[in-house]
Every structure is written in structure tokens, then in C-alpha cells.
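Student: give me a 3D structure for the following:
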Amino acid sequence: MRILIFFDLPVKTKVERKVATNFRKFLLKDGYHMLQFSIYARTCNGTDAVEKHKKRIYDAVPDNGSVRMLVITEKQYTTSVWTLVLRR
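Tutor: Okay, the predicted model is just below:
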């Protein structure tokens with residue numbers, strides 16, 4: 001299974017930037033990899049691991065901003081379509 005985390009955190013003040021940076025650092029330390037700047041993903045082996053990481057995310061979510069979590073199977077992840085657009 002895969003967990004995808006989508007977030008939009010405020011970064012107007014120095015404190016807000018620090019909170020957003022700490023959240024990104026938490027995701028990296030917890031085994032997530034960055035797909036895009038505000039989208040991170042990690043692989044989990046089964047629903048027990050998903051539940052464990054859900055709790056970790058709930059505990060780490062900052063007070064402000066928006067954080068969303070999507071759990072999908074490996075089959076759903078591998079059959080999804082990723083489009084790469086190259087600009088000249």
C-alpha cells in the first residue's frame with residue numbers, strides 16, 4: 001500500500017516557514033519521499049503499518065494549513081498515469 005500526503009502550509013512569516021520545514025523534515029525522516037514540493041509518498045506493508053503511519057501523521061500535523069492523506073494499493077499506484085511536461 002502507499003500513503004500519499006498532500007499539504008499546503010502557510011509560509012509568510014519566519015515562524016510559519018520553520019513549522020512547514022519541520023513538517024517536511026518529519027516526512028523525510030519517517031520514510032516518505034518527495035513526489036512534488038508539497039506531495040510526499042511512502043510504501044507500507046499492510047494495513048497495520050498504514051494505521052501506524054496515519055497516527056504519526058495526525059500527531060505531526062501543524063495547527064495551520066491543510067494536510068490531506070490518501071491511501072492506495074500498489075496496483076492503483078502503478079497503474080496511475082503520470083504525465084511529464086517538458087517546456088522549452
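Student: what about Tyr58, which helix or strand?
Tutor: helix 47-60 (DSSP states H and E).
Student: so where is this protein shaky, pLDDT-wise?
Tutor: 81-84, 88 (pLDDT under 70).
Student: can you show me the helices along it?
Tutor: Applying DSSP state H to the chain gives helices spanning 14-29, 47-60, 74-79.
Student: CA atoms of the second one as PDB?
Tutor: Listed in PDB are the C-alpha atoms of helix 47-60, where the atom choice follows Å, rounded to 0.1, in the frame of the first residue of the first chain:
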ATOM      1  CA  THR A  47      -2.900  -2.100   6.900                       C
ATOM      2  CA  ASP A  48      -1.200  -2.300  10.300                       C
ATOM      3  CA  ALA A  49       1.700  -0.200   9.000                       C
ATOM      4  CA  VAL A  50      -0.800   2.200   7.400                       C
ATOM      5  CA  GLU A  51      -2.600   2.700  10.700                       C
ATOM      6  CA  LYS A  52       0.700   3.300  12.500                       C
ATOM      7  CA  HIS A  53       1.800   5.900  10.000                       C
ATOM      8  CA  LYS A  54      -1.700   7.600  10.000                       C
ATOM      9  CA  LYS A  55      -1.300   8.100  13.700                       C
ATOM     10  CA  ARG A  56       2.200   9.600  13.200                       C
ATOM     11  CA  ILE A  57       0.800  12.000  10.600                       C
ATOM     12  CA  TYR A  58      -2.100  13.000  12.800                       C
ATOM     13  CA  ASP A  59       0.400  13.700  15.700                       C
ATOM     14  CA  ALA A  60       2.700  15.800  13.400                       C
END
